[in-house]
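J.: got a sequence here, can you model it:
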Amino acid sequence: MNSGAFDEAAFDFLASDEGRASVAADRARSAAKAAGAEPARAEIDASVNVQHRLDEVRAAANPLLEAANPLLRMLADMPAMLDTSEAVSSLRTLLVREVALFQNLCEKADLPWKHMAVVRYCLCTALDEAANRTRWGGGGVWASQSLLITYEGEVDGGEKFFLLIGRMATDPQEYVDILEILYRVLGLGFEGRYSVVADGRRHLEQIRQRLWTLITGARDAIQPELSPHWRGAEPGKLPLLRSVPAWATGSFVFLLLFGLFAFYQYRLLTERNALEARILAIAKDEPASPQQRLRLSILLKNEIARGLLTVDEDDTRSVVVFRGDSMFRSGESRVLPEIEPVLDKVAREVARVGGRVTVTGHSDNQPIRRADIPNNLVLSEKRAAYVAQILVQRGTPADHIRSEGRGDAQPVAENTTPAGRSRNRRVEIAVTL
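T.: Predicted coordinates for the structure are as follows:
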């Protein structure tokens with residue numbers, strides 16, 4: 001399980017300084033309160049039977065897992081369709097409140113704060129990925145207000161999730177409860193950075209098998225010596241035992257060792273089947289599609305989160321939209337210098353995805369009169385052609401791409417207001433499989 005070099009300084013909750021852990025806790029509580037999702041402790045206790053859940057957490061063999069079970073069920077049951085933005089907002093509020101309740105239960109049960117923080121980080125990362133995969137959460141709708149940004153102020157949880165596995169694996173006796181939860185998260189379909197890696201599913205299965213070995217080893221550690229305080233027979237005593245043939249003694253020892261092996265093999269298989277059954281009881285994994293294609297909404301998630309572009313995507317088509325005001329100067333067809341790195345990144349990712357590409361320029365209805373650009377239709381054509389040229393330079397075959405200008409023929413908003421005209425000035429890159 002190769003998770004790369006681990007930098008403990010990248011995680012506030014793994015630092016040795018207790019003050020830094022306190023600052024991280026305050027930041028998480030402040031972020032949840034700013035999102036309108038963390039009421040006062042008394043309100044939490046009034047809305048759910050906290051004492052009953054706290055008793056269950058304290059009595060559980062794995063208290064962290066018992067506290068995290070509602071979030072694992074939410075991860076398994078992430079809805080495929082939400083019809084309105086209000087429904088999306090309500091779901092996010094519910095998730096943030098449940099994360100706050102998880103933290104509250106861990107604190108009241110006196111669980112190590114570092115353990116709670118690692119599990120919270122990984123659950124937020126997995127829930128964000130599940131939401132981003134849906135139609136209602138893709139294209140940057142969820143990424144800009146993700147749980148990981150709310151609680152940790154980060155967007156690269158898909159990378160750090162596996163760094164944390166590597167850190168926890170160095171001491172499985174200490175972190176076995178955390179490792180069991182991460183094993184379940186992977187079983188519920190989390191992929192992280194391996195979603196865009198060739199043969200990623202094989203790597204994920206290897207990581208799960210390694211986690212299983214660590215968990216069972218920590219839960220059922222066997223002493224290397226069967227009898228560390230044995231003493232041999234003293235000379236002159238037990239003549240009957242000394243008269244037993246060596247082959248009989250060897251046979252007895254062989255049968256004893258074989259019996260021990262069979263016993264522990266049976267016990268290991270029994271516990272594995274029980275753990276698998278508990279995972280399936282949370283929710284059955286949806287069957288994976290035969291082939292996972294690269295998705296621009298994932299490849300460009302950082303640019304989407306920064307508000308530089310949007311991506312509208314389904315199973316057969318992806319549309320990347322640049323706002324013209326942030327991409328070109330008024331009346332110009334060459335992109336602004338500060339947007340060139342973003343366009344370069346988009347061009348390279350479009351080349352990776354493949355397919356047929358159509359670049360379409362759009363404008364508002366304000367008249368333009370220049371010698372080289374007599375009207376808005378010509379301006380939109382020139383802008384589309386310039387973007388198409390960059391795509392070809394970055395690897396998209398020229399015979400797979402075409403550019404066109406629509407002028408003000410296809411507005412997405414009214415041209416009667418400055419805000420509407422700003423939305424209409426845009427360049428769209430449509431990739432069709």
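J.: could you pull out the strands for this protein?
T.: 310-313, 317-323, 356-362, 401-405, 426-432 (DSSP state E).
J.: in the second one, what counts as buried?
T.: The neighbour-count criterion (16 or more other Cβ atoms under 10 Å) identifies 318-323 as the buried residues of strand 317-323. Quick note: C-beta positions are derived from backbone N, CA and C, even for glycine.
J.: now it and strand 356-362, what's the angle there?
T.: Between strand 317-323 and strand 356-362, the angle comes out at 30 degrees (axes from the mean of the first three to the mean of the last three Cα atoms, to 10 degrees).
J.: same question for strand 317-323, mean pLDDT?
T.: On average, the pLDDT along strand 317-323 is 91.
J.: quick check: angle from it to strand 426-432?
T.: Going by the same axes, to 10 degrees, strand 317-323 makes 170 degrees with strand 426-432.
J.: what does strand 317-323 contact?
T.: 295-297, 300, 308-313, 339, 343, 346, 350, 353, 387, 422-423, 425-433 (Cβ atoms under 8 Å, 6 or more residues apart in numbering).
J.: for the third one, same thing?
T.: Outside of strand 356-362, the residues that reach it under the criterion Cβ under 8 Å, 6+ apart are 324, 350, 379-385, 387-388, 391, 396, 400-408, 410-412, 424-432.
J.: each with direction, which strands does it pair with?
T.: strand 401-405 (parallel), strand 426-432 (antiparallel) (DSSP bridges).
J.: reformat those strands as CSV; add mean neighbour count, mean pLDDT and distance to Met81.
T.: Shown next, in CSV, are these (neighbours: other Cβ atoms under 10 Å; pLDDT from 0 to 100; distance: least, Cβ to Cβ, whole Å):
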stretch, mean neighbour count, mean pLDDT, distance to Met81
strand 401-405, 18, 94, 33
strand 426-432, 21, 93, 23
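J.: redo those strands as a markdown table? Include distance to Leu82.
T.: Below are these laid out as a markdown table (distance: least, Cβ to Cβ, whole Å):
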| stretch | distance to Leu82 |
| --- | --- |
| strand 401-405 | 34 |
| strand 426-432 | 25 |
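J.: who wins for proximity to Ala80 among these?
T.: Closest approach to Ala80 among these (Cβ to Cβ): strand 426-432, 23.0 Å.
J.: which one of the strands paired with strand 356-362 lies nearest to Thr213?
T.: strand 426-432 (41.5 Å).
J.: so where is the stretch 201-350 of the chain shaky, pLDDT-wise?
T.: 221-243, 283-292 (pLDDT under 70).
J.: those helices in it, which residues are they?
T.: 239-242, 246-282, 296-299, 301-305, 324-327, 340-353 (DSSP state H, counting those that start in this stretch).
J.: now do the nearest residue to Trp212 once chain neighbours are set aside: how many residues are near it, please.
T.: Closest residue to Trp212 apart from its sequence neighbours, by Cβ to Cβ, 6 or more residues apart in numbering: Tyr183 at 6.5 Å. Counted with other Cβ atoms under 10 Å, the neighbours of Tyr183 add up to 20.
J.: over to Glu107?
T.: Neighbours around Glu107, by other Cβ under 10 Å: 13.
J.: from what I can see it touches His115, true?
T.: No - using Cβ atoms under 8 Å, Glu107 is not in contact with His115, being 11.5 Å away.
J.: ranges for the helices of the stretch 51-200 of the chain?
T.: Under DSSP H, counting those that start in this stretch, the stretch 51-200 of the chain gives helices at 63-76, 85-108, 113-132, 147-152, 157-169, 172-187, 200-219.
J.: so for the first one, mean pLDDT?
T.: Read it as helix 63-76. 94.
J.: any buried residues in that helix, and which?
T.: 63-72, 74-76.
J.: one more: the second one?
T.: Residues 88, 91-92, 95-106, 108 are the ones in helix 85-108 that count as buried (16+ other Cβ under 10 Å).
J.: coming back round to it: and of the strands of the chain, who's closest to Lys160?
T.: strand 310-313 (23.4 Å).
J.: check what pLDDT the nearest residue to Gly192 once chain neighbours are set aside gets.
T.: Take Gly192 and drop its neighbours on the chain: the residue closest to it by Cβ to Cβ, 6+ apart is Gly158, 3.6 Å away. For Gly158, the pLDDT comes out at 87.
J.: quick one: Gly158 and Ala126 touch, right?
T.: No - with contacts defined as Cβ under 8 Å, Gly158 does not count as touching Ala126, sitting 9.4 Å away.
J.: look at those two and report which has more neighbours.
T.: Ala126 (29 against 21).
J.: what residues are up against the residue lying closest to the more buried one once chain neighbours are set aside?
T.: In space, and not counting its chain neighbours, Ala126 is closest to Phe190: 4.4 Å by Cβ to Cβ, 6+ apart. Residues near Phe190 by Cβ under 8 Å, 6+ apart: 75, 125-126, 129-130, 161.
J.: number of residues surrounding Glu129?
T.: There are 26 residues near Glu129, going by other Cβ under 10 Å.
J.: for Arg329, see how far away the closest residue to it other than its chain neighbours is.
T.: Leaving aside its chain neighbours, Glu129 sits nearest to Phe190 (6.1 Å; criterion: Cβ to Cβ, 6+ apart). Counting by Cβ to Cβ, to the nearest Å, the gap from Phe190 to Arg329 is 43 Å.
J.: swap in Ala305?
T.: 26 Å.
J.: kindly report the same for Thr125.
T.: Distance from Thr125 to Arg329, by Cβ to Cβ: 39 Å.
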